[in-house]
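# need a 3D model of the following:
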Amino acid sequence: MALPSTIFRLNLQLSDIDRGMYETVQTTVAQHPSETGERLVARLLALAIFFEPELTFTKGLCAADEPDLWVVGPDGRPRLWVEVGVPEADRIIKAARHAERVALLACGRGLAAWEQQHLPRLEKIANLTVVKVDPGFIMTLASRLDRVITWSITITEETMYLSIGAETYETAIVPPHR
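Take a look at the predicted model:
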């Protein structure tokens, strides 16, 4: 018998000063039994970093032909395709051919090797944005996960400030190789 997904509720106060965006986001997200807390946190951070009002979580690990998050236009074509982790370059190249914009939050084990092996092939893609955050930041947040997640995030000048209750954490949001 397969283990069920764990459901989390996210309450997010998002202030992206650089984009002039101030939103309250309430959504649910399912954590697949094989998904780590770090990967779940990375998906939540990607939601904040690349936020658009229509951005939604997909079936994730259960659907190999879908990204982690996306915005689908009225014609059914992905307007924004968001990946998390260290995907194969071919997957990102294919997504860039089909979606208006592609975004990647590069994180996880093997990130340094991924940057050397795959990033050179991706640097020429005009509609691709790649960023990374400190893995220690992701691990700290994963250790603080509750079934009801209440975060306040401020993004300004390539820096994210994330508050959980009275505690605030900070990380740079930077392109790889910086």
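# angles on the backbone of the closest residue to Pro135 other than its chain neighbours, please.
Leaving out its chain neighbours, the residue that sits closest to Pro135 by C-beta to C-beta, 6 or more residues apart in numbering is Cys107, at 6.4 Å. (Each C-beta comes from the backbone N, C-alpha and C, glycine too.) Main-chain torsions, Cys107, degrees, to the nearest 10: phi -160, psi 170.
# ok, now which ones touch Cys107?
Each residue near Cys107 by C-beta atoms under 8 Å, 6 or more residues apart in numbering is listed here: Glu38, Ala42, Val84, Gly85, Val86, Lys132, Val133, Pro135, Ile138.
# which residues sit against stretch 117-131?
Stretch 117-131 is touched from outside by 49-50, 86, 88-89, 92-93, 96, 99-106, 173-177, with contacts defined as C-beta under 8 Å, 6+ apart.
# of these, grab the buried ones for ChimeraX.
Applying 16 or more other C-beta atoms under 10 Å to these, the buried members can be selected in ChimeraX as follows:
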select :49,50,86,92,93,96,99,101,102,103,104,105,106,173,176
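# among the contacts of stretch 117-131, which are in helices?
Ile49, Ala89, Ile92, Ile93, Ala96 (DSSP state H).
# for Thr150, state which of the residues you listed is nearest.
Ile49 (18.3 Å; C-beta to C-beta).
# ok, the closest one touching Ile155?
Yes. With contact defined as C-beta atoms under 8 Å, Ile49 and Ile155 form a contacting pair (6.9 Å).
# buried residues, stretch 42-59. List them.
42-52, 55, 57-58.
# same check on stretch 3-13?
Using 16+ other C-beta under 10 Å as the burial criterion, the residues of stretch 3-13 that qualify are Ser5, Phe8, Leu10, Leu12.
# is the most centrally placed residue in the chain part of a helix or strand, or is it coil?
The residue lying closest to the centre of the chain (C-alpha atoms, centre = their mean) is Ala46, at 2.1 Å. Classification of Ala46 using DSSP: H, G, I helix; E, B strand; the rest coil returns helix.
# can you give me the pLDDT of it?
Predicted confidence (pLDDT) at Ala46: the value is 98.
# touching, it and Ala106? I think so.
No. Taking contacts as C-beta under 8 Å, Ala46 lies outside contact range of Ala106: 10.4 Å.
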